[in-house]
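Asks: fold the stuff below for me.
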Amino acid sequence: MVKKKNAYGHLTVEERKVITVAEVVQELIKAQEDRRDVNLNSLKNKIASKYNLETAPRLVDIISAVPSNYKKMLVPKLLAKPIRTASGIAVVAVMCKPHRCPHINLTGNICVYCPGGPDSDFEYSTQSYTGYEPTSMRAIRARYDPYLQTRHRVEQLKQLGHSVDKVEFIVMGGTFMSLPDDYRDYFIRNLHDALSGHKSSSVDEAVIYSERSNTKCIGITIETRPDYCLEKHLSDMLKYGCTRLEIGVQSVYEDVALDTNRGHTVKAVCGTFHLAKDAGFKVVAHMMPDLPNVDLERDIEQFIEFFENPAFRADGLKIYPTLVIRGTGLYELWKTGRYKSYPPSVLVDLIAKILALVPPWTRVYRVQRDIPMPLVSSGVEHGNLRELALNRMKDLGLKCRDVRTREVGITEIHEKVRPNDVESVRRDYKANGGWETFLSYEDPAQDILVGLLRLRKCSDLTYRPELLGGCSIIRELHVYGSVVPVSGRDEKKFQHQGYGTLLMNWAEEIAINEHESNKIAVISGVGTRNYYRKLGYELEGPYMVKSLKPGEYISSFDYLHGSVLKFDGNNNLIKQIIDDNDEDEENEWLKQFDNECRNK
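Replies: The predicted structure follows:
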């Protein structure tokens with residue numbers, strides 16, 4: 001140790017940090033050229049010790065020091081939490097300002113288990129959050145300014161080596177749609193402006209500039225309640241560029257909703273799901289096992305009901321086991337012995353059984369709240385509940401087949417496997433008054449999902465004028481794998497390899513031949529509209545729409561790759577589309593690949 005101090009004692013700490021970072025990068029480059037793996041943490045600590053530094057260099061500094069000609073090779077290996085962009089999207093969570101829960105005026109109080117909010121023990125926190133979650137702390141540092149929250153988070157993800165060409169916002173912090181219209185417009189406008197760099201005076205203007213931004217807003221997710229998810233709210237959210245809703249359900253039992261002071265009925269939940277899906281939204285439900293007056297058997301039964309009853313059948317799920325947190329009504333019940341949480345092993349078993357029930361068209365986004373463990377008085381005792389549940393499933397011989405577990409990007413990170421033999425797979429089911437078709441490209445042998453499309457034949461209750469008169473709607477198109485820019489291509493990744501076009505073409509065929517629809521619509525994120533324009537879709541209201549009428553319809557294949565003459569019903573020439581990209585060979589490959597997949 002003395003020699004090290006003498007050798008580098010004449011250098012300042014900052015100079016030694018710079019030398020350390022440079023040496024780490026050189027070792028990484030050498031390892032890359034020698035094709036050998038390196039333990040980054042061990043390497044950082046070893047070189048930091050050599051230069052007598054108390055702490056290892058930050059990952060951000062190492063990534064910044066990588067020469068430009070090595071970035072493409074090295075940065076993916078240095079990614080902090082690569083899972084964040086493994087689904088092909090960089091998620092940016094933002095929080096609206098703290099406000100009281102809207103149903104407090106109706107019921108006189110908030111939900112019995114709910115922490116946070118202006119009247120809680122946790123000052124300056126939003127409803128249902130403590131202020132100590134990572135997203136909450138970022139929001140508080142930015143004083144809940146939507147523009148600053150976005151810019152700071154995007155820059156942070158960039159510094160950590162993640163691609164931010166495609167961003168999806170999640171608007172958190174209580175019931176956003178209960179806030180005044182002018183505040184909501186201000187908030188959404190600033191989200192779009194933070195990506196485009198333009199200063200807009202209205203949501204409509206912000207959306208126009210966001211559509212042309214280099215960093216694309218591919219969707220906005222808004223947390224809401226069934227009583228703030230009616231026609232007016234849905235129309236406002238469509239205007240914002242919202243494509244997915246997260247709706248607090250918590251339980252499928254009416255008595256539990258009443259006992260926990262939810263302020264709405266389960267019947268209202270079913271009506272909301274129906275209305276939202278008919279408008280094209282993807283629907284994610286929040287469910288809470290281990291609520292008061294619900295035993296283990298009843299908990300399992302409610303998830304069976306949730307997945308099998310067509311009145312529910314959400315597209316996604318967040319499982320939030322009940323937590324006892326000080327300042328809540330549930331905390332008082334727990335303190336007096338009137339409520340008791342499941343033991344940790346029982347909870348792991350329950351989550352394992354729930355995950356085994358999940359159908360292959362449903363995505364489980366989360367398995368527990370992001371609330372720090374020291375704030376939890378009773379409930380979940382482990383921060384890795386999903387991992388423990390998946391391990392328990394292996395012990396029980398069960399398998400989780402939800403969308404997230406099977407995504408190609410996730411399996412590549414966790415299992416180090418890639419698909420070999422991709423086939424087209426179709427699954428049909430009834431849900432919320434409509435006919436749902438889940439189309440996908442998968443490797444069935446390895447159970448890996450490459451891409452998916454959700455197609456719906458809407459019910460007669462569709463209220464949006466753009467969707468009336470025999471319309472099918474595509475509620476989601478997603479090709480998985482690490483982020484590739486909207487106009488880019490990477491042969492080693494699955495985005496922009498033609499799977500999206502295959503899925504769109506397939507959906508159009510079903511809409512024409514089976515739904516007998518006159519047109520097909522897509523609920524599209526603002527930043528992906530140009531992709532659908534290349535397939536022949538045009539903006540109508542908040543949707544991208546294409547006519548399916550004879551004489552007007554052009555398939556996505558032909559529109560994207562061919563020289564096409566488009567005629568109206570009277571055989572008058574409307575539009576000539578000329579392919580300038582000389583992609584005939586690729587077009588033929590796509591068609592051949594599609595036929596091979598269908599024939600398997």
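Asks: C-alpha from now on. contacts and neighbour counts both.
Replies: Will do.
Asks: so residue 177: helix, strand or coil?
Replies: helix (DSSP: H, G, I helix; E, B strand; the rest coil).
Asks: please name the nearest non-neighbouring residue to it.
Replies: residue 228 (6.1 Å; Cα to Cα, 6 or more residues apart in numbering).
Asks: around the one you found, how many other residues sit close by?
Replies: Close neighbours of residue 228, defined as other Cα atoms under 10 Å, add up to 18.
Asks: just the helices in the stretch 201-350 of the chain please.
Replies: 203-211, 231-240, 254-259, 266-278, 296-308, 329-335, 344-357 (DSSP state H, counting those that start in this stretch).
Asks: out of these, the one nearest residue 192 is which?
Replies: For these, proximity to residue 192 was assessed by Cα to Cα; helix 203-211 is nearest, at 5.5 Å.
Asks: so what's the residue nearest to residue 177 up against?
Replies: Neighbouring residues of residue 228 by Cα atoms under 8 Å, 6 or more residues apart in numbering: 175, 177-178.
Asks: rerun at 10 Å
Replies: Contact partners of residue 228, counting by Cα atoms under 10 Å, 6 or more residues apart in numbering, are 102, 175-178, 234, 247, 272.
Asks: lowest-confidence one in the residues you listed?
Replies: Among the contacts of residue 228, residue 102 carries the lowest pLDDT, at 88.
Asks: what about that residue, which SS state?
Replies: Going by three-state DSSP: residue 102 is coil.
Asks: quick one: mean pLDDT over whichever helix in the chain runs longest.
Replies: The longest helix of the chain (DSSP state H) is helix 13-34. Mean pLDDT, computed over helix 13-34, is 84.
Asks: in it, which residues are buried?
Replies: 16-17, 20-25, 27-29 (16 or more other Cα atoms under 10 Å).
Asks: right, and the helix or strand after that helix?
Replies: The helix or strand immediately downstream of helix 13-34 is helix 40-50, counting by DSSP states H and E.
Asks: give me the angle between that next one and helix 13-34.
Replies: Relative orientation of helix 40-50 versus helix 13-34 (axes from the mean of the first three to the mean of the last three Cα atoms, to 10 degrees): 140 degrees.
Asks: what's the spacing between helix 40-50 and its chain's center?
Replies: The chain centroid and the centroid of helix 40-50 are separated by 35 Å, computed with Cα atoms, centre = their mean, to the nearest Å.
Asks: so which residues make contact with it?
Replies: 1, 4-5, 7-8, 16-17, 19-21, 23-25, 27-28, 52-59, 62, 77-78.
Asks: likewise stretch 528-535?
Replies: 166, 211-212, 216-219, 486-487, 500-501, 504-505, 522-524, 536-539, 543-546, 554-561.
Asks: and if you look at stretch 387-399?
Replies: Contacts for stretch 387-399 (Cα under 10 Å, 6+ apart): 345, 347-358, 367, 382, 385-386, 400, 405.
Asks: rerun at 6 Å
Replies: Contacts with stretch 387-399, where a contact means Cα atoms under 6 Å, 6 or more residues apart in numbering, come from 348, 351-352, 356.
Asks: check stretch 19-26 too.
Replies: Residues contacting stretch 19-26 (Cα under 6 Å, 6+ apart): residue 62.
Asks: just the C-alphas of it, formatted as PDB.
Replies: Extracted in PDB, the C-alpha atoms of stretch 19-26 (Å, rounded to 0.1, in the frame of the first residue of the first chain):
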ATOM      1  CA  ILE A  19      -6.400   7.300 -15.300                       C
ATOM      2  CA  THR A  20      -8.400   4.500 -13.700                       C
ATOM      3  CA  VAL A  21     -11.300   5.000 -16.100                       C
ATOM      4  CA  ALA A  22      -8.900   5.000 -19.100                       C
ATOM      5  CA  GLU A  23      -7.200   1.800 -17.900                       C
ATOM      6  CA  VAL A  24     -10.500   0.100 -17.400                       C
ATOM      7  CA  VAL A  25     -11.600   1.000 -20.900                       C
ATOM      8  CA  GLN A  26      -8.300  -0.300 -22.300                       C
END
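Asks: please flag which of the contacts of stretch 528-535 sit within strands.
Replies: 166, 216-219, 522-523, 538-539, 543-546 (DSSP state E).
Asks: how far away is the nearest residue to residue 500 once chain neighbours are set aside from residue 451?
Replies: The spatially closest residue to residue 500, leaving aside those adjacent along the chain, is residue 479, at 6.5 Å (Cα to Cα, 6+ apart). To residue 451, residue 479 is 4 Å away according to Cα to Cα, to the nearest Å.
Asks: same question for residue 289.
Replies: Distance of residue 289 to residue 451, computed by Cα to Cα: 30 Å.
Asks: got it, and residue 246?
Replies: Remark: distance between residue 246 and residue 451 (Cα to Cα) = 22 Å.
Asks: residue 440 bridge partners, please.
Replies: Per DSSP bridges, the residues bridged to residue 440 are residue 425, residue 452.
Asks: hang on, it packs against residue 427?
Replies: No: counting by Cα atoms under 6 Å, residue 440 stays clear of residue 427, with 8.6 Å between them.
Asks: and these two? which has more neighbours close in?
Replies: The residue with more neighbours, out of residue 440 and residue 427, is residue 440; 26 against 12, by other Cα under 10 Å.
Asks: returning to that earlier point: got the ones in strands among the contacts of stretch 528-535 as TSV, with distance to residue 279 and pLDDT columns?
Replies: Converted to TSV, these look like this (distance: Cα to Cα, whole Å; pLDDT from 0 to 100):
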residue	distance to residue 279	pLDDT
166	24	90
216	23	92
217	20	95
218	18	93
219	15	95
522	10	98
523	8	97
538	17	96
539	15	96
543	10	98
544	13	97
545	13	97
546	16	97
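Asks: where does pLDDT dip in the protein?
Replies: Across the chain, the ranges flagged by pLDDT under 70 are 1-6, 9, 76, 79-88, 411-416, 481-497, 561-600.
Asks: related to what we said a few turns ago, any idea how far the longest helix of the chain is from the chain center?
Replies: Taking Cα atoms, centre = their mean, the mean C-alpha location of helix 13-34 is offset from the chain mean by 35 Å.
Asks: next: stretch 310-327.
Replies: In terms of Cα atoms, centre = their mean, the centre of stretch 310-327 is set 16 Å apart from its chain centre.
Asks: end-to-end on it?
Replies: 37 Å.
Asks: still on that earlier bit, and for residue 440 and residue 427, which residues touch both?
Replies: Counting by Cα under 6 Å, 6+ apart, residue 440 and residue 427 have no contacts in common.
Asks: show me how the record splits the protein into domains.
Replies: The record assigns the chain these domain ranges, following automatic domain parsing: 2-78, 84-287, 409-599.
Asks: circling back to that earlier point, tell me which of the helices of the stretch 201-350 of the chain lies nearest to residue 517.
Replies: Nearest to residue 517 among the helices of the stretch 201-350 of the chain is helix 266-278 (14.7 Å), distances taken as Cα to Cα.
Asks: put the alpha carbons of that closest one into CSV.
Replies: In CSV, the C-alpha atoms belonging to helix 266-278 read as follows (Å, rounded to 0.1, in the frame of the first residue of the first chain):
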residue,chain,number,x,y,z
VAL,A,266,-66.6,-4.6,-9.6
LYS,A,267,-69.4,-4.2,-12.1
ALA,A,268,-68.0,-0.7,-12.9
VAL,A,269,-64.6,-2.4,-13.6
CYS,A,270,-66.2,-4.7,-16.2
GLY,A,271,-67.9,-1.8,-17.9
THR,A,272,-64.7,0.2,-18.0
PHE,A,273,-62.8,-2.7,-19.5
HIS,A,274,-65.4,-3.1,-22.2
LEU,A,275,-65.5,0.6,-23.0
ALA,A,276,-61.7,1.0,-23.0
LYS,A,277,-61.0,-2.0,-25.3
ASP,A,278,-63.7,-0.9,-27.8
